[in-house]
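> fold the stuff below for me.
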Amino acid sequence: MNLKKNEFLTCLFLIFFIFLTSRALSNAQETEKISTEDLQQVVELLENPQQREGFVKDLKKVIHAKEVTEKARPEKSERQLLVIENLFGKFEELSEKIMGAGASTISLLSQLPSAMQKAKVFLIQSENQAKLFNLFIAIMSGIIIALIFRRLLKKLIPQPNERTKSLASKLTVGVIRAILSLLPYGALLISFFPLFRALPSFTIGYSIVFLFFTILFFYRISVEFFRIFLSPDEERTRILHLSNENAQYFWIWMLRFVHYTAFYFLITKTLLIVQMTPDSFSFIRTLLLLVFPLMISLFVLQIARDIRTRYESSQRNDEDPENDRKNIRTPVIRYWSIPAIGYSWAIFLLLIAHYEKGFHYLFGASLKTGFVILALLLALKILDKLFARLFAVNKRVKDRFPGLEEKTNRYILMVRRILGWIIVAMALGIIGQAWGIPVAAFVTSQTGALIIIRAIAIMFTIGMVIAIIGICQFVSDFLLKEKKGKRKKEASQKMKTLVPMIRTAINIAAGFIGGIVILDRIGVNTTPILAGAGIVGLAIGFGSQTLVKDLINGLFILFEESIRVGDYVAVDKDEGTVEAVGLRTVKLRDVSGNVHVVPNSSVNSVMNYSKEFSRTVIDIGVAYREDVDEVINIIKEVGEEMRNDPEYSKNILEPIEIFGLQKFDDSAIVVRARMTTKPLKQWGLKRAFNRRIKIAFDEHGIEIPFPHRTVYMGEPKKGTAAPLYIQHKRNGNKETELNT
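Residues are numbered from 1 along each chain as shown. Next comes the predicted model:
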């Protein structure tokens, strides 16, 4: 707000009203001073031996009565029953003091008309009028100097623009505007020192004027401070993330508090300057102080109602109907206003009751707590900014390792949380120290230092265990990840089998060792635990010989690579694809989808169909009348066609091998061939080869016989064999008779 003409007139009127009132009150207080007769009576009492002796006897009687009262004081148990009575007694005493102070104030105000008459007489005197004129000239001169300063500094006040977006720019603009707005008020106060010397006037008048403009200066400081954060008229410079309506709402309430605070200090300090009686001053001060908790209570109730309404609205929109009962925030949001209002009343009641130590304790601790919380929020914000800038992952690295950013961010986030908790713990320690809790003494003590060192050691151990597990996981993923690009390569079956098992063993070992170290740091004796673990391991070794055999066989299977994950093997009577190879068992899944779990100790023989490469043996039967060499050439042609086919060539390692005529069957001659393929590709290639060979034989007219028999009737020793008659019926009743 700027200094305007109306404000100047109002300021002048207030100053002269306060000045005249102070003169009237000071005149009224003169009537309440101790009279000369009272002082004379005290002097006579001290000089007269008889009266002094009687006064001393009376004092001795009072002391004796007090001693008797103290001896007759009830025991502790009886005194505890009188606590309520004592409280009511103190309340009654306080009430009597307040009533007395009120009566004294009313009596003082009743003398105000006569005091005003004396003030009029005072103003009629020419000497006093000259001093009042000097006071008026000094005030007007100071105001003119302030206006000149304001005029000169007006062009220097920065205006917000589109670049005013960051927190630093908003703070810079707000602080510069506040300083330039406060300089005229500072110049006004400084100018009063030479003006008051050059224009002599009433000392009490200069004191009231200086007090008024000092309070005005601090009032402007408070207004500019809240303007920096709320900025009700300019959203771009607003530091707090509030809507325009909420910013205006808080701005109005802050102005109310600032206005009344300035009014309170103006009245109370003026009454101290005019030296009002203590009882009257205490009564007026109490009435003025009661307004503060009333305003705070109204403000808190309005804020609490708005927060509760919004929260209940969000809860009604929530899909989970039981979320309101489970959420811990619900009672806090509903009832936080009660302790807040009670706390504000406690502070001001201590101040009203003149418990200065209690008031300074609560107010100082609350103020320090507020500053610590603001510093904590600022530190956490800066910490987030630092981590976002210092630990950003390069785009090229992210493109090369797609999963790396997520993993690094996960552990960076963990470090960020640890540092955040450390900062929060330090802030809580400072807050506790502000409230009188001996945190610093505890930290510097031997016990506190020991606890902190052990807590740091435990945190370091947990961090090391997490780091080992994370590094192990990262290395495992890197080794098992399929490499892309020109050197595209898939992890070997041995790697797929051993890496997860080694990773699990390292994780278990790291967790066990970390747990032992943590228990030792806590103070638990880990020697019995280690001894017990050794005894348990020995007992398991003796009692579980089959298990030990499983483990030993499993180790040999893994290191010899006789069985790997993904192989197709036959273990004794079980056959299928290997899904897992562990230290104790081997899991196979057959063609039907059934899983066979075979203990390693029962693995006597293994037939691996996919060790480095596979081969399929093809037996092809043709009729006896076919040319064997022609059949072999057709088989070779079909084999070459498959090697030249892009669909099959990548899985065929060598040209087809023709072994030749393998055997003579009852109805066919068998030619054997063999194909060398990649592991587990032999069966698919064999089916494809059979399809092609069938097509080729059909094209060349080569017969693939089905099983048949030649019927031979035999020939007797005497003559030829009897003829075989075949009767065939067709076309109804016509019969054809064949003689064979």
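> hey, let's count contacts and neighbours off CA atoms from now on
Noted.
> can you get me the start-to-end distance on stretch 584-603?
Start-to-end span of stretch 584-603 (CA to CA, to the nearest Å) is 11 Å.
> find the residue at the geometric middle of the chain.
A centroid search over the chain (CA atoms, centre = their mean) returns residue 417, at 7.4 Å, as the residue closest to the centre.
> what helix or strand does it sit in?
Counting by DSSP states H and E, the element that carries residue 417 is helix 404-434.
> check residue 660 too.
Per DSSP H and E: strand 657-664 holds residue 660.
> same check, this time on residue 437
Short version, using DSSP H and E: residue 437 is in no helix or strand.
> now do residue 587
Short version, using DSSP H and E: residue 587 is in strand 585-589.
> for the chain, which segments count as strands?
568-571, 574-581, 585-589, 595-599, 606-608, 614-622, 657-664, 669-677, 725-729, 735-739 (DSSP state E).
> what residues sit buried inside the shortest one?
Meaning strand 606-608. By neighbour count with 16 or more other CA atoms under 10 Å, strand 606-608 contains the buried residues residue 608.
> so what's the gap between it and the chain middle?
55 Å (CA atoms, centre = their mean, to the nearest Å).
> for that strand, which strands pair with it and how are they oriented?
strand 568-571 (antiparallel) (DSSP bridges).
> and the strand it pairs with, average pLDDT?
For strand 568-571, the mean per-residue pLDDT is 87.
> one step back: could you pull out the buried residues of the helix holding residue 417?
In helix 404-434, counting by 16+ other CA under 10 Å, buried: 405, 409, 416, 420, 423-424, 427-434.
> pLDDT (mean, whole number) over that helix?
Here the average pLDDT along helix 404-434 is 77.
> kindly report the same for stretch 577-597.
85.
> one more: stretch 624-638?
For stretch 624-638, the mean confidence score works out to 90.
> can I get that stretch as CSV, trimmed to CA atoms?
Taking Å, rounded to 0.1, in the frame of the first residue of the first chain, the C-alpha atoms of stretch 624-638 are listed here in CSV:
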residue,chain,number,x,y,z
TYR,A,624,11.9,-104.6,-54.5
ARG,A,625,11.5,-103.7,-58.1
GLU,A,626,12.9,-100.1,-57.7
ASP,A,627,16.4,-99.1,-58.7
VAL,A,628,18.4,-98.5,-55.5
ASP,A,629,20.8,-96.1,-57.2
GLU,A,630,18.0,-94.0,-58.5
VAL,A,631,16.4,-93.9,-55.0
ILE,A,632,19.7,-92.7,-53.5
ASN,A,633,20.1,-89.9,-56.0
ILE,A,634,16.5,-88.7,-55.3
ILE,A,635,17.3,-88.7,-51.6
LYS,A,636,20.4,-86.6,-52.2
GLU,A,637,18.5,-84.1,-54.3
VAL,A,638,15.9,-83.7,-51.7
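> now that stretch: buried residues?
In stretch 624-638, counting by 16+ other CA under 10 Å, buried: 624, 628, 631, 632, 634, 635, 636, 638.
> between those, which is closest to residue 447?
residue 638 (87.4 Å; CA to CA).
> for that closest one, list the residues it contacts.
Contacts for residue 638 (CA atoms under 8 Å, 6 or more residues apart in numbering) come out as 689, 692, 693, 696.
> nearest to residue 449, of the residues you listed?
residue 689 (80.0 Å).
> what ranges does the stretch 601-740 of the chain have for its helices?
Using DSSP state H, counting those that start in this stretch, the helices of the stretch 601-740 of the chain run over 628-644, 646-649, 682-700.
> how far off centre is the longest one?
Meaning helix 682-700. 66 Å.
> and if you look at stretch 346-361?
With CA atoms, centre = their mean as the basis, the mean position of stretch 346-361 lies at 37 Å from the chain mean.
> go through that stretch and flag the buried ones.
For stretch 346-361, by 16+ other CA under 10 Å, it's 346, 347, 348, 349, 350, 351, 352, 358, 359, 361.
> next: stretch 459-476.
Buried residues in stretch 459-476 (16+ other CA under 10 Å): 461, 462, 463, 465, 466, 468, 469, 470, 472, 473, 476.
> mind checking which of those are in helices?
Under the assignment DSSP state H, the buried residues of stretch 459-476 contribute 461, 462, 463, 465, 466, 468, 469, 470, 472, 473, 476 to helices.
> out of those, flag the one nearest to residue 222.
Nearest to residue 222 among these is residue 463, at 47.0 Å by CA to CA.
> distance check, the closest one against residue 414.
For residue 463, the distance to residue 414 - CA to CA - is 9 Å.
> give me the domain ranges for the chain.
For the chain, automatic domain parsing gives the domain ranges 1-31+111-276, 544-608, 614-700.
> distance to residue 298 for those - can I get that in TSV?
Output for those, formatted as TSV (distance: least, CA to CA, whole Å):
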stretch	distance to residue 298
domain 1-31+111-276	10
domain 544-608	70
domain 614-700	81
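> nearest to residue 447, out of those domains?
Here domain 1-31+111-276 is closest among the domains of the chain (CA to CA), at 42.9 Å.
> no more questions from me, cheers.
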